[in-house]
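Visitor: Coordinates for the following, if possible.
(2 chains)
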Protein chains: 2
Amino acid sequence: MAAAPVWSVDPRTGKQREQVAVAATAEEVDQAVRAAAAATSALAVRAVRAAFLRTAAELLEGAKEHLVEAADAETALGPVRLTGELARTCYQLRSFAAVVDEGAFLGIVIDHPDATATPPVPDLRRYKIPLGVVAVYSASNFPFAFSVPGGDTASALAAGCPVVVKAHPDHPATSELVAATLRRAAARHGIPEGVLGLVHGFDAGVELVKHPLVSGAGFTGSVRGGRALFDAAAARPVPIPFHGELGSLNPVVVTEAAAAERGEQIGTGLAGSMTLGVGQFCVKPGLVLAPEGAGGDRLVKSLTEAVSDTEAGVLLDHRMRDNFVAGVRERAELPDVDAPVTPGAGGEHTVSAGFLTVPAARLAEEGAYDLLLEECFGPVTVVARYADDVEITAVLSRLPGNLTATVQLSADEAAGESGRGAELLAELTPLAGRVLVDGWPTGVAVAPAQHHGGPYPATTSTSTSVGGTAIERWLRPVAYQNTPEALLPPELRDANPLGLPRRYDGAQEH
Amino acid sequence: MAAAPVWSVDPRTGKQREQVAVAATAEEVDQAVRAAAAATSALAVRAVRAAFLRTAAELLEGAKEHLVEAADAETALGPVRLTGELARTCYQLRSFAAVVDEGAFLGIVIDHPDATATPPVPDLRRYKIPLGVVAVYSASNFPFAFSVPGGDTASALAAGCPVVVKAHPDHPATSELVAATLRRAAARHGIPEGVLGLVHGFDAGVELVKHPLVSGAGFTGSVRGGRALFDAAAARPVPIPFHGELGSLNPVVVTEAAAAERGEQIGTGLAGSMTLGVGQFCVKPGLVLAPEGAGGDRLVKSLTEAVSDTEAGVLLDHRMRDNFVAGVRERAELPDVDAPVTPGAGGEHTVSAGFLTVPAARLAEEGAYDLLLEECFGPVTVVARYADDVEITAVLSRLPGNLTATVQLSADEAAGESGRGAELLAELTPLAGRVLVDGWPTGVAVAPAQHHGGPYPATTSTSTSVGGTAIERWLRPVAYQNTPEALLPPELRDANPLGLPRRYDGAQEH
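Guide: Just a heads-up that it's a prediction; the model follows:
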């Protein structure tokens, strides 16, 4: 059987641009994983990993124009957004280099013998070591920041784990270019190029997660695809951690006082957030609880105006466009659902943004309206108008896990002058991994305090895929007992020759 | 159908002692989980949790004689061991109270806005919150320390998670007594008694892991039982973290120089470790690589003498006894396997300790000898005699994951004077979660640096079930973005009113 060709497709026309590669066979996946495993020891020294990540950022920046052009040609995300995404990606690579340099991620704990403990404590020293080869499944909607050079890859390499990436079919050419750039960066530091493998094809992705030498996986994509791979990871003879970011509705609650105070402004802000990147963000606000009455009406009016002004856009691929068109049609057909701006097909290759409204009471019980509680990828949101706070609680109680949950408060509520702000934060916290006040969830900063994850199906684990702590996913602790100083890894020696932060006999040292 | 009776059985006679309870129905499991969930808010304040854990320790100590007697009657572990285990359990409860007081487990990270970041960083504040109700599956071999009041329960309560325990059928009466004690401790602090649920029965255990309100599970037991529950946890509509400790061979490598230097001493030490508690420890050394030649012969001779002197013992139940007798017989029947001291049936209700020897070369390739690389619960170990270091590497490369791996070195090797010590540590580290030099793995200290876990099947996750970091299993992070001081949880306020350790704009504070 001939190998299946992998095409780069122009979403602006639906036409094939070029054949980039062929789908990897099981044998080729095996080769990529073995090559990655063979590169493990080259990542052992932290300084080498940090330098590699910084060189990767530098080379990506050097190839910026070429990369942005390639990515735009097959994603239609546009040069402005893609230039920003590449800058973010390079910032992220450097952030992880800084995490590696600092060494707090090693989680060093040293306990000297304590005969008074029950049972007595021997000399015990614990730190974290890399898991092994990590499989990374690229996202469609971020050809850089959540793909070949993205957070999963950067955090895995930072941890000392080689990576094999399953390229997303929406940007195979970009994936090849970036992988080649990362391999050049590796070579500059004497790291074998196999440290960053790249495979194409659906079956290759399944082979990859099942490979005995793969020790963990990161995924950003749909609930359906992510769950299938999660299930495969769990069903292995030796199960592996699977950190998948699958889907999120990202609810927003607008209080009555907030709508009264700044309904127009909220409507405009919402329009910007839900249509950003043609609605192709995993943190797009997909459900907005807005009050009935005048304030809510003003919100809907300004949302209507702003969304009507939004130009039709191109989605990442035509399958997504079909799903969007079918998804919004099915939702709009529900009784009592209105479409002040009808979302759907734009031109032959585009979609137009829109939004739906529904009485919140319809969402309070299981039934046909549950469809409105499912993510619909693309430029659409659902505004559910509530009569009172009881309805807010009823709808929130029906939501699955989310990456984010947002509340829009009045100035008084934000200042804590009524209890309502704190009450709503307490209601939203169990639903999400990031809770926002008076902001919009699109835009995920790369920072130590970031948490990009949340209760299932937002993520399949309790960890984050953005921010410094994302490195924790690719490590496991090991403790050394009664081990002579001469045999200990330098990280665990009393003298602390590497100057690392650590917990030493119960006290934190820098 | 009448409810299935749950009997306490005397392993010294195989006779039923008393009917303790009936197996919980699905409805009763549901009630226990709902009662636990309803107790969540009572655990919200850290000081209350810490006080609860300390009171639990105090009340358990107060009931010591009664509890030890009850546990001995149904486990035959003996009052000395059980008194020690209860002391360890109380020490552990207090250790987690100290972890709660200190608050480092909250993982607080605060980042103020940074406009120079790409993209700009808003105000972000992250800490960890409790997962929700935790299911704990008790171990057979530790009626206190890894059962109702054990490390899983203590760490979950410390994290703020109510617990429902599935009692082990080997000590249902002890489980009931301890659960009642813990509930009394809860009541003293105004915590609903439902915070600690207890259910009996195999089916109840399966119901428990599937319950929608259960958010995580801890397990200590067999590979077969643990894997079945792990699979059920992964197959849920909403999968949950399953932290299982399943099985471990705990390899020991004795270098030629070590055997030459102190072969007798190593033989005696090994005998003590492998027969401790009638070999019923998850960290029992089950495979020992010892050199051919005079030093190894002396090791085997002293092991023979010490094991021959060991009295027959009672295993936790008669099914285990049957498995042990069948397991050692099957292993001993392999060609080239000798039994210098034959393990097997002792008296009608006892087993006698023993050990097997085999040429290490037999273990180097897949085949019938793989049986010797599987854990055999009870007082038996396998001494594999190796001809050279190549054989050591060949056998180690065939081992599954372990809780521990141990090396016995000569004084010179331990001092780092040959490279052999470091070389062996590097070979053992990938195999285990705890690596020991010149010690024995039985005995698991409760300490911040402890790691009781390891590559599968040692554990199903990368976390530990012993030591302060065990609390991390029951938490998930949440980040607050742009949230006014007045609405933030006190843990995340700039002023740090609770005096918690935290990472503040990149610097560790405490």
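Visitor: all strands of the stretch 301-450 of chain A, in order?
Guide: Under the criterion DSSP state E, counting those that start in this stretch, the stretch 301-450 of chain A contains strands at A:338-341, A:344-345, A:351-352, A:354-359, A:380-386, A:402-408, A:432-437.
Visitor: Name the stretch among those that sits most buried.
Guide: strand A:402-408 (a mean of 29; mean count of other CB atoms under 10 Å in any protein chain shown). For every residue, glycine as well, the C-beta is placed using N, CA and C.
Visitor: what's the helix or strand of chain A with the lowest mean pLDDT packed up against?
Guide: Least confident helix or strand, chain A: strand A:507-509 with a mean of 90, by mean pLDDT, DSSP states H and E. Judged by 3 or more CB pairs under 8 Å, 6 or more residues apart in numbering or on different chains; DSSP states H and E, strand A:507-509 is in contact with strand A:502-504.
Visitor: and the strand it packs on, what other elements does it pack with?
Guide: Going by 3+ CB pairs under 8 Å, 6+ apart, strand A:502-504 lies up against strand A:109-111, strand A:507-509.
Visitor: is the first one up against chain B anywhere?
Guide: What that stands for is strand A:109-111. Yes - on the criterion CB under 8 Å from any CB of the partner chain, strand A:109-111 is in touch with chain B at A:Val109, A:Ile110, A:Asp111.
Visitor: That strand pairs with which strands?
Guide: strand A:124-130 (antiparallel), strand A:502-504 (parallel) (DSSP bridges).
Visitor: would you turn these into CSV with mean neighbour count and mean pLDDT?
Guide: CSV is the format used below for the strands paired with strand A:109-111 (neighbours: other CB atoms under 10 Å in any protein chain shown; pLDDT from 0 to 100):
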stretch, mean neighbour count, mean pLDDT
strand A:124-130, 24, 98
strand A:502-504, 20, 96
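Visitor: nearest to B:Ala458, of the ones you listed?
Guide: Ranking these by proximity to B:Ala458 (CB to CB) places strand A:124-130 first, at 14.7 Å.
Visitor: Pass me the low-pLDDT residue ranges in chain A, would you?
Guide: A:1-2 (pLDDT under 70).
Visitor: hey, where'd the helices end up in it?
Guide: A:26-38, A:46-62, A:64-75, A:79-102, A:151-159, A:172-188, A:202-210, A:223-235, A:256-275, A:294-308, A:318-332, A:389-396, A:411-414, A:420-428 (DSSP state H).
Visitor: Return the distance of the fifth one from the chain's centre.
Guide: In this view, helix A:151-159 has its centroid 13 Å away from the chain centroid, taken as CA atoms, centre = their mean, to the nearest Å.
Visitor: Return the list of helices and strands in contact with that helix.
Guide: So helix A:151-159, by 3+ CB pairs under 8 Å, 6+ apart, packs with helix A:46-62, helix A:79-102, strand A:133-137, strand A:163-166, strand A:214-220.
Visitor: can you tell me which of the ones you listed comes nearest to chain B?
Guide: In terms of CB to the nearest CB, the element of these nearest to chain B is helix A:79-102, at 4.0 Å.
Visitor: quick one: the closest one near chain B?
Guide: Yes - applying CB under 8 Å from any CB, one finds helix A:79-102 in contact with chain B at A:Gly84, A:Ala87, A:Arg88, A:Cys90, A:Tyr91.
Visitor: Surely the second one is in contact with B:Thr118?
Guide: Yes - assessed by CB atoms under 8 Å, A:Ala87 is found in contact with B:Thr118 at 4.9 Å.
Visitor: Surely A:Ala56 and A:Val148 touch.
Guide: No - here A:Ala56 lies out of contact with A:Val148, judged by CB under 8 Å, at a distance of 10.4 Å.
Visitor: Can you pull the residues that touch both of the two?
Guide: By the contact definition CB atoms under 8 Å, 6 or more residues apart in numbering or on different chains, A:Ala56 and A:Val148 are jointly contacted by A:Leu182.
Visitor: Now do stretch A:271-283: distance to the chain's middle.
Guide: 15 Å.
Visitor: mind checking the end-to-end distance for that stretch?
Guide: 14 Å (CA to CA, to the nearest Å).
Visitor: Likewise for stretch A:394-409?
Guide: Rule used - CA to CA; the end-to-end distance of stretch A:394-409 is 19 Å.
Visitor: now stretch A:425-442
Guide: End residues of stretch A:425-442 are separated by 19 Å (CA to CA).
Visitor: re earlier: out of the helices of chain A, the one nearest B:Val444 is which?
Guide: Among those, helix A:151-159 sits nearest to B:Val444 (CB to CB), with 26.7 Å.
Visitor: The stretch 201-350 of chain A against chain B: which residues are in contact?
Guide: A:Phe230, A:Asp231, A:Ala234, A:Ala235, A:Val238, A:Pro239, A:Pro241.
Visitor: how about 7 Å then?
Guide: With CB under 7 Å from any CB of the partner chain as the criterion, the stretch 201-350 of chain A meets chain B at residues A:Ala234, A:Val238, A:Pro239, A:Pro241.
Visitor: Looking at those, spot the one nearest B:Asp101.
Guide: Using CB to CB, A:Pro241 comes nearest to B:Asp101 of these, at 30.6 Å.
Visitor: Am I right that the closest one is in contact with A:Gly218?
Guide: No - A:Pro241 is not in contact with A:Gly218 according to CB atoms under 7 Å; the separation is 9.3 Å.
Visitor: Counting neighbours, go ahead and name the busier of those two.
Guide: Using other CB atoms under 10 Å in any protein chain shown, the more surrounded residue of A:Pro241 and A:Gly218 is A:Gly218, with 29 against 22.
Visitor: The closest residue to that one other than its chain neighbours and A:Ala257, how far apart?
Guide: Distances taken as CB to CB, 6 or more residues apart in numbering or on different chains place A:Asp152 nearest to A:Gly218, at 3.4 Å, with adjacent residues excluded. To A:Ala257, A:Asp152 is 41 Å away according to CB to CB, to the nearest Å.
Visitor: Those two: who's more crowded?
Guide: A:Asp152 (31 against 20).
Visitor: and that one, what does it touch?
Guide: Neighbour list for A:Asp152: A:Val136, A:Gly218, A:Ser465 [criterion: CB atoms under 7 Å, 6 or more residues apart in numbering or on different chains].
Visitor: Tell me how chain A divides into domains.
Guide: A:23-102+A:131-246+A:462-474, A:251-437 (automatic domain parsing).
Visitor: CSV please, covering the ones you listed and showing distance to B:Pro489.
Guide: Shown next, in CSV, are the domains of chain A (distance: least, CB to CB, whole Å):
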stretch, distance to B:Pro489
domain A:23-102+A:131-246+A:462-474, 18
domain A:251-437, 8
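Visitor: which of these is buried the deepest?
Guide: Mean neighbour counts for the domains of chain A (mean count of other CB under 10 Å) peak at domain A:23-102+A:131-246+A:462-474, with a mean of 22.
Visitor: residue contacts, A:Val195?
Guide: Per CB under 7 Å, 6+ apart, neighbours of A:Val195: A:Ala36, A:Ala39, A:Ala42, A:Leu43, A:Pro162, A:Ala186.
Visitor: who touches the closest residue to A:Ser463 other than its chain neighbours in this structure?
Guide: Nearest non-adjacent residue to A:Ser463, counting by CB to CB, 6+ apart: A:Arg473, 4.9 Å away. If you count contacts by CB under 7 Å, 6+ apart, A:Arg473 has them with A:Ser155, A:Gly216, A:Gly218, A:Pro241, A:His243, A:Ser463.
Visitor: The last one reaches A:Ile471, doesn't it?
Guide: No - with contacts counted by CB under 7 Å, A:Ser463 stays clear of A:Ile471, the gap being 9.7 Å.
Visitor: Listing partners with orientation, what would you give for the least confident helix or strand of chain A?
Guide: strand A:502-504 (antiparallel).
Visitor: Distance from the strand it pairs with to the middle of the chain?
Guide: 32 Å.
Visitor: Pull up the gap between the nearest residue to A:Ala394 once chain neighbours are set aside and B:Ser95, please.
Guide: Leaving out its chain neighbours, the residue that sits closest to A:Ala394 by CB to CB, 6+ apart is A:Ala364, at 3.9 Å. Distance of A:Ala364 to B:Ser95, given as CB to CB: 45 Å.
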